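Asker: here is my input, please return the structure:
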Amino acid sequence: MTVEESYLDRPTLLPSESMSAILKPVSVVALFTLVILAPSIQDILTDEAYKYVDDNESAHDGLPTEWGNKQVICIFFPADSSQGEEFSKGVTMIDADGVELGENQNLNKTGACVGGFEGYSNGLDFMMDSTRLGRGALSIGYDVGQWGHYVHTIGGLNADAMTGDFNGAYWNLDHNGVVSMIGIGDLVMSEGDIISWSIATW
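Answerer: From the prediction side, this is the model:
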(Lines give C-alpha, C1' and ligand atoms only; values in the text may rest on other atoms or scores of the structure.)
Protein backbone atom coordinates (compact mmCIF):
# COMPACT_ATOMS: atom_id res chain seq x y z
CA MET A 1 0.00 0.00 0.00
CA THR A 2 1.36 3.37 -0.96
CA VAL A 3 1.22 6.57 1.05
CA GLU A 4 -1.33 7.99 -1.37
CA GLU A 5 -3.65 5.00 -0.99
CA SER A 6 -3.68 5.11 2.84
CA TYR A 7 -4.46 8.82 2.76
CA LEU A 8 -7.33 8.27 0.36
CA ASP A 9 -8.81 5.42 2.39
CA ARG A 10 -9.40 7.59 5.51
CA PRO A 11 -12.87 9.11 5.94
CA THR A 12 -12.95 12.80 5.27
CA LEU A 13 -14.16 14.99 8.16
CA LEU A 14 -15.45 18.40 7.50
CA PRO A 15 -13.95 21.11 9.75
CA SER A 16 -17.20 21.57 11.71
CA GLU A 17 -17.50 17.81 12.36
CA SER A 18 -13.94 17.54 13.67
CA MET A 19 -14.43 20.53 16.00
CA SER A 20 -17.67 19.06 17.29
CA ALA A 21 -15.98 15.74 18.01
CA ILE A 22 -13.32 17.54 20.07
CA LEU A 23 -15.61 20.02 21.86
CA LYS A 24 -18.16 17.50 23.15
CA PRO A 25 -15.79 15.69 25.54
CA VAL A 26 -14.12 18.95 26.54
CA SER A 27 -17.53 20.49 27.36
CA VAL A 28 -18.51 17.51 29.49
CA VAL A 29 -15.25 17.68 31.46
CA ALA A 30 -15.57 21.46 31.93
CA LEU A 31 -19.18 21.17 33.13
CA PHE A 32 -18.31 18.36 35.53
CA THR A 33 -15.39 20.38 36.95
CA LEU A 34 -17.58 23.47 37.40
CA VAL A 35 -20.26 21.48 39.27
CA ILE A 36 -17.65 19.98 41.59
CA LEU A 37 -15.89 23.30 42.27
CA ALA A 38 -18.97 25.57 42.49
CA PRO A 39 -19.26 25.53 46.33
CA SER A 40 -15.55 26.27 46.73
CA ILE A 41 -15.70 29.07 44.18
CA GLN A 42 -18.69 30.60 45.98
CA ASP A 43 -16.84 30.48 49.34
CA ILE A 44 -13.78 32.13 47.82
CA LEU A 45 -15.85 34.88 46.19
CA THR A 46 -17.78 35.50 49.43
CA ASP A 47 -14.57 35.76 51.45
CA GLU A 48 -13.11 38.15 48.89
CA ALA A 49 -16.28 40.26 48.68
CA TYR A 50 -16.41 41.05 52.38
CA LYS A 51 -13.41 42.60 54.01
CA TYR A 52 -13.12 42.72 57.76
CA VAL A 53 -11.82 45.48 60.02
CA ASP A 54 -8.28 44.60 61.12
CA ASP A 55 -7.72 46.81 64.17
CA ASN A 56 -7.57 45.09 67.54
CA GLU A 57 -7.87 48.49 69.25
CA SER A 58 -11.35 48.90 67.76
CA ALA A 59 -14.58 47.30 68.97
CA HIS A 60 -15.29 46.75 65.24
CA ASP A 61 -12.24 44.46 64.88
CA GLY A 62 -13.15 41.41 62.78
CA LEU A 63 -16.47 42.85 61.58
CA PRO A 64 -17.32 43.71 57.97
CA THR A 65 -15.89 47.09 56.98
CA GLU A 66 -19.32 48.29 55.78
CA TRP A 67 -20.52 48.12 59.41
CA GLY A 68 -17.96 50.80 60.37
CA ASN A 69 -20.33 53.28 62.00
CA LYS A 70 -23.31 50.95 62.41
CA GLN A 71 -24.80 49.22 65.43
CA VAL A 72 -23.89 45.55 65.86
CA ILE A 73 -24.71 42.70 68.24
CA CYS A 74 -22.50 39.62 68.56
CA ILE A 75 -23.33 36.37 70.32
CA PHE A 76 -20.36 34.12 71.09
CA PHE A 77 -21.03 30.51 72.03
CA PRO A 78 -18.57 28.31 73.93
CA ALA A 79 -16.62 26.11 71.51
CA ASP A 80 -17.70 22.93 73.33
CA SER A 81 -21.40 23.85 73.35
CA SER A 82 -23.94 21.95 71.29
CA GLN A 83 -25.99 25.14 71.01
CA GLY A 84 -25.18 27.42 68.13
CA GLU A 85 -24.10 24.45 66.00
CA GLU A 86 -24.92 26.32 62.81
CA PHE A 87 -22.41 28.95 63.94
CA SER A 88 -19.71 26.47 64.99
CA LYS A 89 -17.06 27.11 62.30
CA GLY A 90 -16.36 30.77 63.03
CA VAL A 91 -18.38 33.93 63.43
CA THR A 92 -21.22 34.23 60.90
CA MET A 93 -21.96 37.79 59.79
CA ILE A 94 -25.64 38.60 59.18
CA ASP A 95 -26.61 41.97 57.70
CA ALA A 96 -29.55 44.08 58.89
CA ASP A 97 -31.66 42.77 56.00
CA GLY A 98 -31.12 39.15 57.11
CA VAL A 99 -28.57 38.24 54.42
CA GLU A 100 -25.59 36.15 55.53
CA LEU A 101 -22.48 38.07 54.47
CA GLY A 102 -19.96 35.38 55.26
CA GLU A 103 -18.04 33.81 58.08
CA ASN A 104 -14.94 35.18 59.76
CA GLN A 105 -12.88 32.21 60.95
CA ASN A 106 -9.96 34.36 62.10
CA LEU A 107 -11.57 35.55 65.34
CA ASN A 108 -10.93 32.30 67.26
CA LYS A 109 -14.57 32.39 68.35
CA THR A 110 -17.81 30.76 67.33
CA GLY A 111 -21.14 32.52 67.04
CA ALA A 112 -22.85 35.20 65.01
CA CYS A 113 -22.80 38.96 64.62
CA VAL A 114 -25.82 40.82 63.30
CA GLY A 115 -25.07 44.35 62.18
CA GLY A 116 -25.59 47.30 59.92
CA PHE A 117 -28.25 48.96 62.09
CA GLU A 118 -28.86 52.63 62.83
CA GLY A 119 -31.11 54.62 65.10
CA TYR A 120 -31.51 52.37 68.13
CA SER A 121 -31.19 54.02 71.53
CA ASN A 122 -32.44 51.24 73.85
CA GLY A 123 -30.24 48.17 74.21
CA LEU A 124 -33.10 45.74 74.87
CA ASP A 125 -35.07 46.86 71.81
CA PHE A 126 -31.94 46.56 69.66
CA MET A 127 -31.11 43.10 71.02
CA MET A 128 -34.61 41.71 70.48
CA ASP A 129 -34.99 43.13 66.95
CA SER A 130 -31.52 42.18 65.71
CA THR A 131 -31.44 38.62 67.07
CA ARG A 132 -34.69 37.79 65.26
CA LEU A 133 -32.64 37.78 62.06
CA GLY A 134 -30.92 34.62 63.36
CA ARG A 135 -34.13 32.73 62.45
CA GLY A 136 -34.53 31.23 65.92
CA ALA A 137 -30.87 30.27 66.36
CA LEU A 138 -30.25 33.43 68.43
CA SER A 139 -33.52 33.54 70.39
CA ILE A 140 -33.34 35.32 73.76
CA GLY A 141 -34.79 34.22 77.09
CA TYR A 142 -34.79 36.66 80.01
CA ASP A 143 -36.48 37.42 83.32
CA VAL A 144 -37.27 40.81 84.81
CA GLY A 145 -36.41 41.24 88.49
CA GLN A 146 -35.50 43.93 90.93
CA TRP A 147 -32.20 44.50 89.12
CA GLY A 148 -33.84 44.75 85.70
CA HIS A 149 -33.61 42.38 82.75
CA TYR A 150 -31.58 39.22 83.35
CA VAL A 151 -30.68 37.31 80.16
CA HIS A 152 -30.38 33.62 81.01
CA THR A 153 -30.71 31.95 77.57
CA ILE A 154 -29.42 32.79 74.11
CA GLY A 155 -29.79 30.43 71.17
CA GLY A 156 -31.07 27.69 73.46
CA LEU A 157 -28.03 27.85 75.76
CA ASN A 158 -29.26 28.48 79.31
CA ALA A 159 -26.32 29.72 81.39
CA ASP A 160 -28.10 28.73 84.63
CA ALA A 161 -28.13 25.07 83.52
CA MET A 162 -24.43 24.89 82.57
CA THR A 163 -22.21 22.58 84.58
CA GLY A 164 -18.47 22.13 84.70
CA ASP A 165 -15.41 22.99 86.74
CA PHE A 166 -16.94 26.26 88.00
CA ASN A 167 -19.50 27.43 90.57
CA GLY A 168 -21.85 29.10 88.12
CA ALA A 169 -22.19 30.66 84.68
CA TYR A 170 -23.96 33.67 83.20
CA TRP A 171 -24.32 35.54 79.93
CA ASN A 172 -21.88 38.46 80.11
CA LEU A 173 -22.71 41.72 78.32
CA ASP A 174 -19.95 43.84 76.76
CA HIS A 175 -20.59 47.32 75.37
CA ASN A 176 -17.98 48.52 72.86
CA GLY A 177 -15.49 45.90 74.04
CA VAL A 178 -15.83 46.67 77.78
CA VAL A 179 -17.92 44.82 80.38
CA SER A 180 -21.18 46.72 80.77
CA MET A 181 -21.85 47.98 84.28
CA ILE A 182 -25.58 48.24 83.54
CA GLY A 183 -28.09 45.73 82.23
CA ILE A 184 -29.40 45.45 78.70
CA GLY A 185 -32.72 47.09 79.62
CA ASP A 186 -30.98 50.28 80.78
CA LEU A 187 -28.24 50.35 78.17
CA VAL A 188 -28.32 53.50 76.04
CA MET A 189 -27.10 52.88 72.49
CA SER A 190 -25.33 55.35 70.21
CA GLU A 191 -24.49 55.10 66.52
CA GLY A 192 -21.61 52.71 65.89
CA ASP A 193 -22.09 50.86 69.21
CA ILE A 194 -21.37 47.16 69.51
CA ILE A 195 -22.83 44.91 72.15
CA SER A 196 -21.72 41.34 72.60
CA TRP A 197 -22.75 38.41 74.73
CA SER A 198 -20.54 35.54 75.86
CA ILE A 199 -20.60 32.97 78.64
CA ALA A 200 -18.62 33.87 81.76
CA THR A 201 -18.12 31.72 84.86
CA TRP A 202 -17.21 32.13 88.50
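Asker: which strand residues bridge the residue most central in space within the chain?
Answerer: Nearest residue to the geometric centre of the chain (C-alpha atoms, centre = their mean): residue 92, 1.4 Å. Beta bridges link residue 92 to residue 103, residue 112, judged by DSSP bridges.
Asker: from residue 109, how far off is it?
Answerer: 11 Å (C-beta to C-beta, to the nearest Å). Where C-beta positions appear, they are placed from N, C-alpha and C, glycine not excepted.
Asker: now swap in residue 187 and tell me
Answerer: For residue 187, the distance to residue 109 - C-beta to C-beta - is 22 Å.
Asker: hang on, the earlier thing: OK, contacts around the residue nearest to the centre of the chain?
Answerer: Listed by C-beta atoms under 8 Å, 6 or more residues apart in numbering, the contact partners of residue 92 are 86, 100, 102, 103, 111, 112, 113.
Asker: same check on residue 187?
Answerer: Shown in contact with residue 187 (C-beta under 8 Å, 6+ apart): 122, 123, 124, 173, 175, 180, 195.
Asker: recalculate using a threshold of 10 Å.
Answerer: Residue 187 makes contact with 121-124, 126-127, 148-149, 173, 175, 180-181, 193, 195, according to C-beta atoms under 10 Å, 6 or more residues apart in numbering.
Asker: which residues in this protein form helices?
Answerer: 3-9, 15-49, 123-131 (DSSP state H).
Asker: comparing the ones you listed by mean pLDDT, which bottoms out?
Answerer: The minimum mean pLDDT among the helices of the chain belongs to helix 3-9 (a mean of 55).
Asker: how about the strands of the chain, start to end?
Answerer: Applying DSSP state E to the chain gives strands spanning 71-77, 91-95, 100-104, 110-117, 140-145, 148-154, 157-158, 169-175, 178-179, 194-201.
Asker: can I get those strands in CSV with mean pLDDT and distance to residue 134?
Answerer: Compiled in CSV, those are given as follows (pLDDT from 0 to 100; distance: least, C-beta to C-beta, whole Å):
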stretch, mean pLDDT, distance to residue 134
strand 71-77, 96, 8
strand 91-95, 95, 7
strand 100-104, 91, 10
strand 110-117, 96, 6
strand 140-145, 95, 10
strand 148-154, 95, 10
strand 157-158, 94, 13
strand 169-175, 97, 15
strand 178-179, 96, 23
strand 194-201, 97, 12
